[in-house]
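[1] got a sequence here, can you model it:
(chains A and B)
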Amino acid sequence: MQVRLSHPSRTVEVKGPKKAKDLLRELNLVVEAHLVIKGDDLVTEDEMLYEGDQIEIRPVISGGSPRFTSHVPPFTSPQ
Amino acid sequence: MTCTKCKTKAVIGLPRHNAAFCKGCFNGFIHDQVARAIKSEWMFGKEAKILVAVSGGKDSLALWDILLKLGYKADALYVNLGIGTYSEESHAKVTQFAETVAAPHGATLHIHTVEQEAGAGIKELAQLIHRPTCSTCGTIKRYQFNRVAIEQQYDVMATGHNLDDEAARLLGNVLHWQEEYLEKQGPSLPASVAGFSKKVKPLFRLAERELAAYAVLNRIDYIVEECPMAKGSKMIQYKEVLNRLETESPGTKQTFYWGFLEKQSRKQPTATTMSEKDRAVLHPCTSCSQPTTAEVCSYCKMMARAKTVAPH
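    The predicted structure follows:
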């Protein structure tokens, strides 16, 4: 089956059938940081994925400046 | 896996709640968690005029969507940072959401473009003033969101910070013992002095994965690509560590952050103390009038410096 990945964007071929959680494990990806999408549908980790399925593994982590909402930094000068 | 509530096929499992939900019950769960956050932290009332800080990412667009569906009056502000195709794409996603989802609720989108004001995008600006890009970005966003909230008379400003953001930030602050930041880590920051808008984080009870799932299930078209400036950031490293712990031991992130909030609430009446402290050290910037501890605020200094060193 074709598995689409991000960061960086790429497609890999993985042999099915296998459960979504086993696919994540095989690709060394943490469940808590990813969603598995089959076609257009979100699926749980125990969903069986078969040859011919179009799979997307979408990362969910985003982040940047660690102090974004504090009142302090923008209005004070660094000492 | 079946839905814990209605026993139909589940689309997402939530180990930290020992539950799984179908789309309908999951949407109900998300809306309940946000309503609970708003009520428990006294964020705002039903008639409040809210300004949502949107970036084109899953969290902020999901927040705007949820607030509108819960019946709140929520407009949004998008700051275009001028990061090449990343900003072009995120701008397009925000505009599309505003037109197709928010406008039918009567909501408005405000836009601020960094390049128009500073004459350069965020990356070039950071280089000009010799500051890290993420820190420059943070300064600009905080300043502009506060400015629009005050000028357009919004009662409160809401950001899409989720449980993962807050747990990662707490971890960073604890690892470096930045105790002075801890008291500002609550999900509801008061408008402590004139010129400061109240700031709230209605998504603090929800994990990043749950918000991504909400966006996918509700066909919210958000920018999946990571900000190119944030690659390798400390926040992402902390999140990765916490996610490994969470996978092994579900509930770790909420125990860490909510436990911190509970301890803080027992310690002292934070809002009052924070307001008193802020009032003692802050006064209007001589250039723009926003509160600052210095004569001229960091934002005005940054813009002045950018104008001095910019090539003519």
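[2] mind listing what's buried in stretch A:48-60?
    A:49, A:53, A:55, A:56, A:57, A:58, A:59, A:60 (16 or more other C-beta atoms under 10 Å in any protein chain shown). (Glycine included, C-beta is placed from N, CA and C.)
[3] how about that stretch, does it reach chain B?
    Yes. With C-beta under 8 Å from any C-beta of the partner chain as the criterion, chain B is reached by stretch A:48-60 at A:58, A:59, A:60.
[4] so where do the strands sit in the stretch 1-150 of chain B?
    With DSSP state E, counting those that start in this stretch as the criterion, the stretch 1-150 of chain B has strands at B:12-14, B:19-21, B:49-54, B:73-80, B:109-113.
[5] which residues sit against the first one?
    Applying C-beta atoms under 8 Å, 6 or more residues apart in numbering or on different chains, the set of residues contacting strand B:12-14 from outside is A:42, A:44, A:45, A:46, B:1, B:19, B:20, B:21, B:26, B:29, B:210, B:213.
[6] of the residues you listed, closest to residue B:94?
    Ranked by distance to residue B:94 (C-beta to C-beta), the contacts of strand B:12-14 are led by residue B:213 at 20.4 Å.
[7] residues in contact with the closest one?
    By C-beta under 8 Å, 6+ apart, residue B:213 lies in contact with A:35, A:42, B:11, B:12, B:26.
[8] thinking again about what came up before, among the strands of the stretch 1-150 of chain B, show me which one is buried the most.
    Of the strands of the stretch 1-150 of chain B, the one with the most neighbours on average (mean count of other C-beta atoms under 10 Å in any protein chain shown) is strand B:49-54, at a mean of 25.
[9] what's that strand in contact with?
    Under C-beta under 8 Å, 6+ apart, the answer for strand B:49-54 is B:44, B:60-61, B:63-64, B:67, B:72-78, B:94, B:97, B:109-110, B:141, B:145, B:148-149, B:152-160, B:197.
[10] buried among those residues? Make that a PyMOL selection.
    Buried residues within the contacts of strand B:49-54, by 16+ other C-beta under 10 Å, are selected in PyMOL with:
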select buried, chain B and resi 44+60+61+63+64+67+72+73+74+75+76+77+78+94+97+109+110+141+145+148+149+154+155+156+157+158+159+160+197
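[11] show me where the chain has its helices.
    As the question left the chain open, I've gone with chain A. A:20-26, A:72-75 (DSSP state H).
[12] right idea, wrong chain: chain B
    B:23-40, B:58-69, B:84-97, B:114-118, B:122-128, B:133-151, B:163-175, B:179-182, B:208-217, B:234-248, B:252-267, B:270-281, B:298-309.
[13] tell me what the spatially most central residue of chain A is bridged to.
    Among the residues of chain A, the one closest to the centroid is residue A:59, at 2.2 Å (C-alpha atoms, centre = their mean). Note on residue A:59: beta-bridge partners residue A:34, judged by DSSP bridges.
[14] which one (most neighbours) among the contacts of residue B:213?
    The most crowded member of the contacts of residue B:213 is residue B:12, carrying 26 neighbours; neighbours defined as other C-beta atoms under 10 Å in any protein chain shown.
[15] quick one on the thing from earlier: tell me which of the contacts of strand B:12-14 is nearest to residue A:25?
    For the contacts of strand B:12-14, the residue nearest residue A:25 by C-beta to C-beta is residue A:45; the value is 9.8 Å.
[16] touching chain A at all, stretch B:96-113?
    No. Contact of stretch B:96-113 with chain A (C-beta under 8 Å from any C-beta) is absent, the minimum separation being 14.5 Å.
[17] contacts for that stretch, please.
    Contacts with stretch B:96-113, where a contact means C-beta under 8 Å, 6+ apart, come from B:51, B:54, B:61, B:64-65, B:68, B:73-80, B:82, B:91, B:94-95, B:144, B:148, B:152, B:220-221.
[18] and the residue nearest to residue B:153 when sequence neighbours are not counted, how far from chain A?
    In this structure, residue B:153 finds its nearest non-sequential neighbour in residue B:49, 7.0 Å apart by C-beta to C-beta, 6 or more residues apart in numbering or on different chains. According to C-beta to the nearest C-beta, to the nearest Å, residue B:49 stands 19 Å off from chain A.
[19] where does residue B:49 land on pLDDT?
    Listed pLDDT for residue B:49 reads 98.
[20] how about residue B:64?
    pLDDT at residue B:64 comes out at 98.
[21] go on, the one 3 residues further on?
    In this prediction, residue B:67 carries a pLDDT score of 98.
[22] what do you get for residue B:82?
    pLDDT, residue B:82: 90.
[23] ok, now residue A:76?
    35.
[24] ok, residue B:229 touching residue B:125?
    No. Residue B:229 is beyond contact range of residue B:125, at 11.6 Å (criterion: C-beta atoms under 8 Å).
[25] who has more neighbours out of those two?
    residue B:125 (26 against 19).
[26] ok, the more buried one - contacts?
    With C-beta under 8 Å, 6+ apart, residue B:125 has these contacts: B:114, B:118, B:136, B:302, B:306.
[27] scan those and report the most crowded one.
    residue B:136 (25 neighbours).
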